[in-house]
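Enquirer: prediction below, plus the sequence it came from.
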Amino acid sequence: MLHRPGHEIENVYPDILHRMLVDDIPYLPIAQEEHDFFAKTLRDNGVEVLYFAKLAAEALADDQVKNEFLEKMLAESGHAAGAVHDALKEYLLSMDTQAMVDKIIAGVRKDEIQTKFVSLAEMAEDADYPFFMDPMPNAYFTRDPQASIGEGITINHMTFKARQRESLFTEYIIKHNPRFANKGVHVWRDRYHDTRIEGGDELVLSDHVFAIGISQRTSADAIMDIARNLFKDSNYDTVVAIHIPHNHAMMHLDTVFTMINYDQFTVHPQILDGGKIDTYILHPGKDGEIEIQHRTDLQKVLEEVLDKPEIDLIPTGNGDPIVAPREQWNDGSNTLTIAPGEVVTYDRNYVSNDLLRKHGILVHEVRSSELSRGRGGPRCMSCPIVREDLTK
Ligand SMILES: NC(=O)NCCC[C@H](N)C(=O)O
């Protein structure tokens, strides 16, 4: 599942960059061309590509469902009731459903609607702020608002306000899009929690082993919760929680570590202190308790949990002190694996790409000048819905 970047990108301006969690503003027409090339690369290699906004519009086909969704979306956008709520609702309902979804993602400027009365807060505190509904410029990183694991999905309570509304679309897609509704998709964890979790931290390593980052975006409490739910109702019996630095450049586990084959991974060398990193292995214990073991040797942990004699950890930028952080910054560790040993990567990370090839990986490079400005790579830009069982 992908999202083609739209007008939300052009609703970002320098004053709100930081709050919108991006470092620059992509040039939209080229970002769209690059994104179309990414989608084509996936299709050419046997992947069915679904679009998030289209799935959302299909889910809202019924008027009652649409109304309920809109009330929640308006409330989460800061307009639970009142004149602005009413004007926004009328404006959004005047559009066809797809246009409404696209508009919500793009954001609604104040000058788009007429309101007779605005609140004191809007007049006195937010007078210069141009939006009634903020844009969602990170929507093209479909990896994060949700993650499919086994026969189910997590619908995520994301960390920052700038992204929290994205997963409301997911909730409606799973509940009401005919592709998913009543098909037994288990929701391992819904979005109504205080603790935080994001899909970029969620890595499915096999049909019973799940890795997750303890990161800027995913808290340890949320990991305990998801582990409890998986151990109770699924085939998963091992959760590997990996503690990574809590900063913007390495916001999710998949910005520094991804699985690319049964026994091969990319890893950003800066997260390993001589091969060591705080790692916790969680297993079901007695009476619904969870057993936790602390380890520091990532390679050994992976060999043990995946039952492999040897794991090949391929360093981003070949471990060079300048190339590695430069390529990691542009998502050189963020490979999207479409089959064991076959990945999609950004073309700009040529040192990492060459190294992957030397390790026997088939690499499909995609264009990346504009897309990379949002601070995410091919893995971040995609959310797998169905995985083939490749157990061997
Ligand atoms: N899985 C990922 O690492 N996604 C990238 C998200 C980038 C986005 N600008 C964010 O900060 O959330």
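Expert: Yep, it's here. Here the structure is a predicted model, which means the values were calculated and not measured.

Enquirer: give the closest residue to the closest residue to the ligand within the chain in space, chain neighbours not counted.
Expert: As assessed by Cβ to the nearest ligand atom, the ligand sits closest to residue 200 within the chain, at 2.3 Å. (Each C-beta comes from the backbone N, C-alpha and C, glycine too.) Setting aside the residues directly before and after it, residue 200 is nearest to residue 252 in space (Cβ to Cβ, 6 or more residues apart in numbering), at 2.8 Å.

Enquirer: and what of residue 366?
Expert: When the adjacent residues along the chain are set aside, residue 366 lies closest to residue 38, with 4.8 Å between them (Cβ to Cβ, 6+ apart).

Enquirer: may I have the secondary structure class of residue 188?
Expert: What DSSP: H, G, I helix; E, B strand; the rest coil gives for residue 188 is strand.

Enquirer: isn't it right up against residue 226?
Expert: Yes - between residue 188 and residue 226 there is a contact at 6.1 Å, judged by Cβ atoms under 8 Å.

Enquirer: overlap of the contact sets of these two?
Expert: Both residue 188 and residue 226 are in contact with residue 154, where contact means Cβ atoms under 8 Å, 6 or more residues apart in numbering.

Enquirer: still on that earlier bit, wait, the residue nearest to residue 200 touches residue 197, no?
Expert: No - no contact is recorded between residue 252 and residue 197 when judged using Cβ under 8 Å, the distance being 10.5 Å.

Enquirer: intersection of neighbour lists for those two?
Expert: By Cβ under 8 Å, 6+ apart, the residues touching both residue 252 and residue 197 are 217-218.

Enquirer: for residue 117, give me the pLDDT.
Expert: Reported pLDDT at residue 117 in the predicted model: 68.

Enquirer: er, residue 390 actually
Expert: You'll see residue 390 listed with a pLDDT of 85.

Enquirer: also residue 318?
Expert: 95.

Enquirer: please apply the same query to residue 286.
Expert: In this model, residue 286 is scored at 91, pLDDT.

Enquirer: residue contacts, the residue nearest to residue 200?
Expert: If you count contacts by Cβ under 8 Å, 6+ apart, residue 252 has them with 144, 198-201, 213, 215-218, 380.

Enquirer: same thing but at 6 Å, please
Expert: Contacts for residue 252 were tallied using Cβ atoms under 6 Å, 6 or more residues apart in numbering; they are 200-201, 213, 215, 217.

Enquirer: just those: which are in helices?
Expert: Using DSSP state H, no member of these falls in helices.

Enquirer: mind checking which of the residues you listed are in strands?
Expert: Secondary structure from DSSP state E places residue 213 of the contacts of residue 252 in strands.

Enquirer: next one: the helix-or-strand element of the chain with minimal mean pLDDT to chain centre, how far?
Expert: When the helices and strands of the chain are compared on mean pLDDT, DSSP states H and E, helix 120 comes out lowest with a mean of 76. Its chain's C-alpha centre lies 36 Å from the corresponding centre of helix 120 when counted by Cα atoms, centre = their mean, to the nearest Å.

Enquirer: next secondary structure after it?
Expert: Next along the chain after helix 120, taking DSSP states H and E as the criterion, comes strand 131-133.

Enquirer: list of residues touching that next one?
Expert: By Cβ under 6 Å, 6+ apart, the residues outside strand 131-133 that reach it are 77, 84, 88, 107-110.

Enquirer: pick out the most distant pair among those residues.
Expert: Pairwise distances among the contacts of strand 131-133 were taken by Cβ to Cβ; the largest, 14.2 Å, belongs to 84 and 107.

Enquirer: about what we covered before: could you say which helix or strand contains the residue nearest to residue 366?
Expert: Residue 38 belongs to helix 28-44 when elements are defined using DSSP H and E.
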